[in-house]
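**Student:** can you look at this prediction? I've put the sequence above it.
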2 protein chains.
Amino acid sequence: MENSKLKAFIPLFYLVWSDDLLSKKDFLTLQKFIISQNWLYKEEKETILSKIAISSPPSREVVANWKSEIETILQKNSLVKSIFDISILLSENDEMIKDNRSAFVQLENDLGISGEEALADFKTIANTFTANYQTNDSFEVEKLTKILDGNQSGIIKKVKSIISKPEFAYETSTDTAVYREKVYDWCKILAKENLGNMAYPKAYGGGENIADYFAIMETLSYHDLSLVIKFGVQFGLWGMSIQSLGTEKHYSKYLKDIGSLRLPGCFAMTETNHGSNVKGLETTATYNHENQTFTIHTPHEKAQKEYIGNAALHGQMATVFAKLIIGETDYGVNAFVVPLRDANNFILKGITIGDCGLKMGLNGVDNGTIRFDNVVIPKENMLDRFASVNDKGEFESPIPSDNRRFFTMLGTLVGGRIGIPRSALAAAKSGLTIAIKYSNQRRQFDPEGGTEVPILNYRIHQRRLLPLLAKTYATHFALQYVTKRFINKSESEMPEIEALAAGMKAYSTWSTTNILQECREACGGKGYLSENRIDALKNDTEIYTTFEGDNTVLMQLVAKNRLSEFRKSFGKMDAMGIINYVFENAKTAFSEKNPLITRKTDESHLIDEEFHLQAFHYREKTTLASAAKRLKKLIDSGLDPYDAYNVAQHQMIDVAQAYLERIVLEQFQQAIPTIEDKNCKEVMMRLYQLYALSQIEKNKGWYLEDGYMEAVKTKAIRKMVNQLCWEIRPDAVSLVKAFDIPDSCLGAPIAF
Amino acid sequence: MENSKLKAFIPLFYLVWSDDLLSKKDFLTLQKFIISQNWLYKEEKETILSKIAISSPPSREVVANWKSEIETILQKNSLVKSIFDISILLSENDEMIKDNRSAFVQLENDLGISGEEALADFKTIANTFTANYQTNDSFEVEKLTKILDGNQSGIIKKVKSIISKPEFAYETSTDTAVYREKVYDWCKILAKENLGNMAYPKAYGGGENIADYFAIMETLSYHDLSLVIKFGVQFGLWGMSIQSLGTEKHYSKYLKDIGSLRLPGCFAMTETNHGSNVKGLETTATYNHENQTFTIHTPHEKAQKEYIGNAALHGQMATVFAKLIIGETDYGVNAFVVPLRDANNFILKGITIGDCGLKMGLNGVDNGTIRFDNVVIPKENMLDRFASVNDKGEFESPIPSDNRRFFTMLGTLVGGRIGIPRSALAAAKSGLTIAIKYSNQRRQFDPEGGTEVPILNYRIHQRRLLPLLAKTYATHFALQYVTKRFINKSESEMPEIEALAAGMKAYSTWSTTNILQECREACGGKGYLSENRIDALKNDTEIYTTFEGDNTVLMQLVAKNRLSEFRKSFGKMDAMGIINYVFENAKTAFSEKNPLITRKTDESHLIDEEFHLQAFHYREKTTLASAAKRLKKLIDSGLDPYDAYNVAQHQMIDVAQAYLERIVLEQFQQAIPTIEDKNCKEVMMRLYQLYALSQIEKNKGWYLEDGYMEAVKTKAIRKMVNQLCWEIRPDAVSLVKAFDIPDSCLGAPIAF
């Protein structure tokens, strides 16, 4: 094309033939444009049209030449801002072209190629900040690890050194039988190291150190989760049921052997027909005064014990929960020690064991079913801390109500609801470590002319993983707090601590399910290969949201506890009372709901801890007061309370959620001032801010609906979340390294 | 207690001793109350205090007597509204008690036992509507099945009859080798039934029926998902790559044998280092003119083909994507047929096969890696529909741009992005059938004195499952639409259909992941047992969000397509232009954002299809216009377009999401008028409303932020969602039965 005027069309030729977003229709648009330009001669039009005839495409070389002509222009002229600018330069500043600027600009609009963006394809060296961004630690990893491990760093190191030994190499067989034996063997090693009996009294060979016991559970969770659950069933559920529900005679008889794993056992509570509603268990323990025995019996098939860990293969005894029957009277659910197998592992008469078979995960644990056909046990096998049968064959208990007694018994077992969320936390840490380390190395897509970019540099990838990393740190501190509260509990605090543990169990396990889902997707196909362990982490922890109490049921328990506390303080619930409750006092109400605050968007306000705490508190109190009012209104209007609670069920979940989020926020806030190292403190502060703001963002619908925030503010918060993700990204790898998960446990090749 | 006045305290005694929400602190509250009542004599106080001394609890019988006294009062007096009312009646209307009403009421408040709710524990026969609710079909299941199956009902019935045969009994071995062979055998049976070649031209033994082919994929997905994927790899990916990228010589040579499974093969695109960014593939195909061959080569380990289905065991050939090199020139990625194994299944020279090993799911598919060490193939093995090497050894193509050619090639393979979301849909249907049928039978918890209630009667359980059921129906109609568009496509529609298929692939597969997660949790422990099949459904479909295009990447493609369309219409994007675009015209803008509308909450408006469509359209257009503006602003301010897209990445996802939600809504809307049966139509209308409103509820943060809805309206919508869940619940079981999944495929014992 010698005619320099016609050269102005080169960028358009190039784009219609090469851009994969332009379609056949765009050829027509361009043709029409050319035909309608009356400043072009007929022959010129024909020449131009011939270049974009669909029936005779240009050769590959011609297209390449067009491109190189455009590139040359761009290299020489850094001020080029649009396709039209190129056209002018190619035409050697032809006046005709210049005069037709508006027509060309309109064409660019019609083709969707206006502005600088359309030039991206021609840039040969891209120096983008997206591509240049990278890992750049701002703190010392070891110092942060020390902060996380705290007082338990000794036992954590010990456990890590054990599970890093060659005999703890992961089992790769898909044969369940092989896997179960391997897990059992691992448990024996741990017992030998005196890890199993860590929480038992020293008098019975234990370590009398509950804090260490929980740290063991959590640290073991970096390794195989079947191991943790088998360990927890034996030393936690089975052993602690003896310790919590039994008395001296049981301790001296069983605890030492349980702690050493000479006496493997089960915790047989759940039945096929009763999982969440354990008050309704149907197994019976009938007292026979003539020979001082109990007869344990399964009245029908669906009253069999189900999902019982250690039952299918190894358990020799079980703590069995059954309704105590004396004479004609049902005294509610109590606990009894029932032998299942003899020392040679033969199943005893009257006992029928089933195998739960293949499960979604945790296949190293031998879950089974147990049926009792009139199994007779001696009287002393009743775990009699809270209830007993006296010498006259009469029922005795310091707790006169069956209902209250049963819940008191359950309350003593709340430790399981601390061990599980801490195990879930460790699994989340493993998943995030794998996903973040991989995302830092995995490169995909490149700016034109550049090299491919680590996927962790992509904003959407950061948004997927980094708020979850922040949540994991937050949960870490919250679970430390729950553990401390549990260990130092006084009796009057028990209802609160039970609700707290139940709630944090739900919070942490749901969080882990969600985190591992994101991690799997973030690792793409590699995340689907079992060798990279997200498979096991995800499938093993999947049941965490169900066992030790179904999360949805637990959340309702939490809400009921909160409502009960609320009613005690604000029984009357008049309008002013509620305002005072929600805002501490009416004066704060005025200032918090002041438009200056609801619309406040400056950065220093958005990252202000006071603002966060007030917002979380406000949501907690408002959802609680509103659920209480709603229930009252429904019941006052004639609804049966049972129906009323059902109608308000989704509000109950909100109440629990808001309460837990406030607790978690508060604990993260309180952890930061205790950090001495300046660099650690700074990165933790940013991570804290990301947690706080991403939670508010998640709940923005609620805040907007309530009027506590206006749209300008929630939009500013979204922006701030993006910003914090970007700022934290260079530290992301170090932040997962600080979890200090042994390489052999992490396993995943993609993490190295 | 003979003193009738003192009897007024019985309910309080009973509650402090038995209610599990009252704690030790409440004993103190009650003690203080008693001490402070100066109308009681000292001896009376002492008597009363003795009943609540923690150190000497009453006997179980005493507590039981208290309860029965209270129950007697309640049975005789139906108007009792509070604990205090009982106290008065027990005291035989003692004047002293009556006079102290306010003190007692205050005490009730302090203990949190005010109002009727506190009476729930004493009701012996509860006739709650929660407990009485049950399945109660409003329509004939078969009629709805017919509507869903439509024109494909013939082939669907045929496939169901085949997969219900005894030879299709599920494989239960955990040995991958056994499972893989079983799946291969199943594929052979299907091939014999002429199901594999359904989409191929009749000239090559095929059925030339693409609609039936997709129906086969979907129906097979009720059975084992490894089977579907193995089937899809062979007949879809491998076969269709020949059909779409090859020419007559390839069809006649391969298609018949592929369709009959005499020639098992692979689709070898993905490499370790290039999954999403396939334009960057590194395998080379170097042309040698002297002997008219190509040399296929893997330049380094991370350029190996990975995750390739059929590679580890059975594939004899593969369509290999590789960069074509002629002389010094790289002509971009093209496709070549490369033999991997001989007829005796021995791996050929130069080929190295690896096994991807155990995966999270789909273990019946033999995914493998392939490396090529200078493998020589004849020239005719180039799939030359879009590019070829001519007799002179020169490159030739009707598409002069390498970039555009590659995306044109990929575009012909878009069928896979219809098969996968339809398979995902079927898996979601299976999961919901299992979870809803189980929830209809599983009973847990009871109103005091009643029988346990099916968990599907609980509102939170309905909220978990029923909006997802609605979404599944919605997705069904949307995927029918995408299939129809794909089958009847004209060339100019291709970019739109590609974006639509990519988007619906992401929409449907994410939806399935989410649905199966809820189903697992909704089935509790039973959902964790492999026998109930949620395990397999969940783990097999987990990779659906990654393969055939990572969902997050696909969503960005969709957004780019939408932005390109938008720019063509509204290149200038002045303020008025955007308003006109978003609202169709400024007049509608005024009426839609009118406070009368943004606050409108009457039921007839909330369930109005016009309202829904406008709201979905509005969101779609606003997110699109806003992303376009944002990108322009960022680029105008000097950002490299690559960086600008990264900054706006989360908005891109919103753009795609809003577009897809509008498509799905529209298709659900359009399906309903075509239903003739009145009862089916009614239930589908309710289900449609639930879909529409639960999506708006999900996006309420956005609508509130935008000002399109105000809080009164989003609150009314939440209420309406609850209401619709409750109304649909009696039909829920029939609605899943209408999916008509063969019992043998469903498998799960809990579903029967």
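**Tutor:** Sure, I can see it. Numbers count the residues shown, from 1 in each chain, chains lettered A, B, ... in the order given.

**Student:** count the residues that sit near the closest residue to chain B within the stretch 1-150 of chain A.
**Tutor:** Proximity of the stretch 1-150 of chain A to chain B (C-beta to the nearest C-beta) peaks at A:N109, 2.3 Å away. C-beta: built from backbone N, CA, C; applies to glycine. As a burial measure, A:N109 scores 18 neighbours (other C-beta atoms under 10 Å in any protein chain shown).

**Student:** what do you get for the one 3 residues further on?
**Tutor:** Residues contacting A:G112 under the criterion other C-beta under 10 Å number 24.

**Student:** in contact with it, which residues?
**Tutor:** Neighbour list for A:G112: A:L21, A:L22, B:L563, B:S564, B:E565, B:F566, B:R567, B:K568, B:G571 [criterion: C-beta atoms under 8 Å, 6 or more residues apart in numbering or on different chains].

**Student:** now the buried members of these.
**Tutor:** Of the members of the contacts of A:G112, the ones counted as buried by neighbours, 16 or more other C-beta atoms under 10 Å in any protein chain shown, are A:L21, A:L22, B:L563, B:S564, B:E565, B:F566, B:R567, B:K568, B:G571.

**Student:** and those residues, which of them are in helices?
**Tutor:** For these, the ones inside helices are B:L563, B:S564, B:E565, B:F566, B:R567, B:K568, with DSSP state H as the criterion.

**Student:** can I get the residues you listed in JSON lines with pLDDT and distance to A:N288?
**Tutor:** Converted to JSON lines, these look like this (pLDDT from 0 to 100; distance: C-beta to C-beta, whole Å):
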{"residue": "B:L563", "pLDDT": "92", "distance to A:N288": "80"}
{"residue": "B:S564", "pLDDT": "89", "distance to A:N288": "83"}
{"residue": "B:E565", "pLDDT": "87", "distance to A:N288": "82"}
{"residue": "B:F566", "pLDDT": "88", "distance to A:N288": "82"}
{"residue": "B:R567", "pLDDT": "84", "distance to A:N288": "86"}
{"residue": "B:K568", "pLDDT": "82", "distance to A:N288": "87"}
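
**Student:** those also near chain A: which ones?
**Tutor:** B:L563, B:S564, B:E565, B:F566, B:R567, B:K568 (C-beta under 8 Å from any C-beta of the partner chain).

**Student:** any idea which of these is the one closest to chain A?
**Tutor:** Closest to chain A out of those is B:R567 (3.3 Å), distances taken as C-beta to the nearest C-beta.

**Student:** now the phi/psi pair for the nearest residue to the closest one once chain neighbours are set aside, please.
**Tutor:** Take B:R567 and drop its neighbours on the chain: the residue closest to it by C-beta to C-beta, 6 or more residues apart in numbering or on different chains is A:G112, 3.3 Å away. Phi and psi for A:G112, reported as degrees, to the nearest 10, are phi 70, psi 30.

**Student:** just to revisit the earlier point, for the contacts of A:G112, which one is nearest B:D706?
**Tutor:** Comparing the contacts of A:G112 against B:D706 with C-beta to C-beta picks out B:F566 as the nearest, at 17.9 Å.

**Student:** isn't that closest one right next to B:T622, touching?
**Tutor:** No. In this structure B:F566 lies outside contact range of B:T622 using C-beta atoms under 8 Å: 11.5 Å.

**Student:** mind listing the strands for the stretch 101-250 of chain A?
**Tutor:** Counting by DSSP state E, counting those that start in this stretch, the stretch 101-250 of chain A has no strands to list.

**Student:** flag every residue of it that's near chain B.
**Tutor:** For the stretch 101-250 of chain A, the residues in contact with chain B (C-beta under 8 Å from any C-beta) are A:106, A:108-117, A:119-120, A:123, A:126-131, A:172, A:174-176.

**Student:** hmm, 7 Å instead?
**Tutor:** Contact residues, the stretch 101-250 of chain A versus chain B (C-beta under 7 Å from any C-beta of the partner chain): A:108-112, A:114-117, A:120, A:126, A:128-130, A:174-176.

**Student:** ok, now which ones touch A:R619?
**Tutor:** With contact taken as C-beta atoms under 7 Å, 6 or more residues apart in numbering or on different chains, A:R619 is in contact with A:A658, A:N699, A:W702.

**Student:** right, I mislabeled it, should have said A:L469
**Tutor:** Shown in contact with A:L469 (C-beta under 7 Å, 6+ apart): A:L432, A:I436, A:A732, A:L735.

**Student:** the second one contacts A:V736, correct?
**Tutor:** Yes. Distance between A:I436 and A:V736: 4.9 Å, which falls inside the contact criterion (C-beta atoms under 7 Å).

**Student:** hang on, the earlier thing: tell me the one of the contacts of A:G112 nearest A:S397?
**Tutor:** Using C-beta to C-beta, B:L563 is the member of the contacts of A:G112 that lies nearest A:S397, at 71.4 Å.

**Student:** now the closest one: closest residue in space that isn't a chain neighbour?
**Tutor:** Take B:L563 and drop its neighbours on the chain: the residue closest to it by C-beta to C-beta, 6+ apart is B:A628, 5.6 Å away.

**Student:** for A:Y200, same thing?
**Tutor:** With sequence-adjacent residues excluded and distances taken as C-beta to C-beta, 6+ apart, A:Y200 is closest to A:G206, at 2.7 Å.

**Student:** how about that neighbour, what does it touch?
**Tutor:** Counting by C-beta under 7 Å, 6+ apart, A:G206 touches A:N197, A:M198, A:A199, A:Y200, A:G259.

**Student:** quick check, nearest of those to chain B?
**Tutor:** Nearest to chain B out of the contacts of A:G206 is A:A199 (C-beta to the nearest C-beta; 24.9 Å).

**Student:** and the nearest residue to that closest one once chain neighbours are set aside, how many neighbours?
**Tutor:** Excluding the flanking residues, the one nearest A:A199 by C-beta to C-beta, 6+ apart is A:Y213, at 3.9 Å. A:Y213 has 28 neighbouring residues, counting by other C-beta under 10 Å.

**Student:** swap in the one 10 residues further on?
**Tutor:** With neighbours defined by other C-beta under 10 Å, the count for A:H223 comes to 25.

**Student:** out of everything not next to it in sequence, what's closest to it?
**Tutor:** Excluding the flanking residues, the one nearest A:H223 by C-beta to C-beta, 6+ apart is A:I163, at 4.4 Å.

**Student:** how close does the one you found sit to chain B?
**Tutor:** Using C-beta to the nearest C-beta, to the nearest Å, one gets 22 Å for the distance from A:I163 to chain B.

**Student:** quick one: contacts for that residue?
**Tutor:** A:L220, A:H223, A:P742, A:C745.

**Student:** give me that answer again for 8 Å
**Tutor:** A:T219, A:L220, A:Y222, A:H223, A:P742, A:S744, A:C745.

**Student:** got it, and A:L529?
**Tutor:** Neighbour list for A:L529: A:D535, B:C356, B:G357, B:L358, B:K359, B:M360 [criterion: C-beta under 8 Å, 6+ apart].

**Student:** ok, now A:V63?
**Tutor:** A:V63 is in contact with A:Y14, A:W17, A:S18, B:P400, B:S401, counting by C-beta under 8 Å, 6+ apart.

**Student:** please redo it, this time with the cut-off set to 6 Å
**Tutor:** Each residue near A:V63 by C-beta atoms under 6 Å, 6 or more residues apart in numbering or on different chains is listed here: A:W17, B:P400, B:S401.

**Student:** just to check, the first one is in contact with B:S401?
**Tutor:** Yes. A:W17 sits in contact with B:S401 when judged by C-beta atoms under 6 Å, with a separation of 5.4 Å.

**Student:** any idea how far the residue nearest to A:G416 when sequence neighbours are not counted lies from chain B?
**Tutor:** Using C-beta to C-beta, 6+ apart and skipping the chain neighbours, the partner closest in space to A:G416 is A:E548 (4.9 Å). Separation of A:E548 from chain B (C-beta to the nearest C-beta): 11 Å.

**Student:** pretty sure A:E548 sits in a helix.
**Tutor:** No. Assessed with DSSP: H, G, I helix; E, B strand; the rest coil, A:E548 is coil; it does not lie in a helix.

**Student:** looking at it, it is touching A:I420, isn't it?
**Tutor:** Yes. A:E548 is in contact with A:I420 according to C-beta under 6 Å; the separation is 4.8 Å.
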